[in-house]
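**Student:** could you look at this predicted model? Sequence included:
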Amino acid sequence: MRRFALILFLAGCPGGGAHDAHGPDATATDAIQHLAAARAAVKTFRADSTMDYRFGDQRVKGEVIVIGTPGQHVRLNALSPMGGSVMADLACDGATFYYRDSQHNCELTGSCSKDTIAQLLHVELAPDDFLYLAAGTPPVIPGTADMTWDAAKGEEHVTIKGDQGTQTITLDDKRDVLRAELKAPDGKHVWTVENKDFTATDGGQRVPGKTRFMTENSNDDLIVDWNKIEENVDLPQGKFKFDLIGLATCGQKSP
């Protein structure tokens, strides 16, 4: 077991060559620097996915298009399972979110926060956290970290304890994140993500093929098949906001 004090900026700093180390001789520093470098490499994100999620008071499985960039810029188009029309549209431009539910003929706006993604997918994740988790590169809290090596499975198990709570991360022999979980200081579950079926994008980034997000309410989990993920591609300008048209205010949870 290895212990060290993480400097606050480590979670956002790519680090040096040490993050390439892996295995029984690696340290928690190596693993966390690897994740920081992977997050720093995500400049833009575009994905075509099939999501199983709760929409309103029913469970829906359908196509969802996702684009985003760091800095709380994200756009999700949930397409109707019955056709290809946009059933719900959610955008966040870094400060304000815009939401339109075409099924219920309503719309909503407010400040970007952890409640933004919940308007559509019913999982409370900040836009950047959703983006990085979708890319297979979970955010890492600052704190004191330990790491143990599971020789039988070839896995690294990192535990970080800090002011934000306790985070556990499991990485395989390619440093793909199989599971990450965050608990608040009082032990309350904040979020969990589980990934599998990793592949490489055209740009060489390793991304998951399947993801399951779970937040406080396990009934509101989100199961995703990533049909296609692209990183660091050009995204159209002006895609992270749209004009509201004066529909009724949606009755979903708002910040």
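**Tutor:** Thanks, I have the structure now. Numbering: from 1, shown residues only.

**Student:** residue ranges with poor pLDDT in the stretch 151-255 of the chain?
**Tutor:** 217-219, 252-255 (pLDDT under 70).

**Student:** now do the contacts for residue 22.
**Tutor:** 30, 156, 173, 175 (Cβ atoms under 8 Å, 6 or more residues apart in numbering). Backbone N, C-alpha and C define where each C-beta goes, glycine included.

**Student:** excluding chain neighbours, what is closest to the last one?
**Tutor:** Meaning residue 175. residue 34 (5.2 Å; Cβ to Cβ, 6 or more residues apart in numbering).

**Student:** could you confirm residue 133 falls within a helix?
**Tutor:** Yes: under DSSP: H, G, I helix; E, B strand; the rest coil, residue 133 falls within a helix.

**Student:** residue 129 against residue 139, yeah?
**Tutor:** Yes: look at residue 129 against residue 139 with Cβ atoms under 8 Å: they come within range, at 5.5 Å.

**Student:** what bridges to the nearest residue to residue 86 once chain neighbours are set aside?
**Tutor:** Counting by Cβ to Cβ, 6+ apart, the nearest residue to residue 86 once its immediate chain neighbours are dropped is residue 77, at 5.2 Å. For residue 77, the beta-bridge partners are residue 65, residue 89 (DSSP bridges).

**Student:** what do you get for residue 45?
**Tutor:** Listed beta-bridge partners, residue 45: residue 68, residue 231 (assigned using DSSP bridges).

**Student:** residue 161 versus that one, what's the distance?
**Tutor:** 30 Å (Cβ to Cβ, to the nearest Å).

**Student:** thinking again about what came up before, top of the contacts of residue 22 by neighbour count?
**Tutor:** Counting neighbours by other Cβ atoms under 10 Å, residue 156 leads the contacts of residue 22 with 25 neighbours.

**Student:** need the contact list for that residue.
**Tutor:** Counting by Cβ under 8 Å, 6+ apart, residue 156 has contacts 22, 26, 31, 147, 148, 149, 150, 170, 171, 175.

**Student:** just those residues now: which is nearest residue 186?
**Tutor:** Using Cβ to Cβ, residue 170 comes nearest to residue 186 of the contacts of residue 156, at 23.2 Å.
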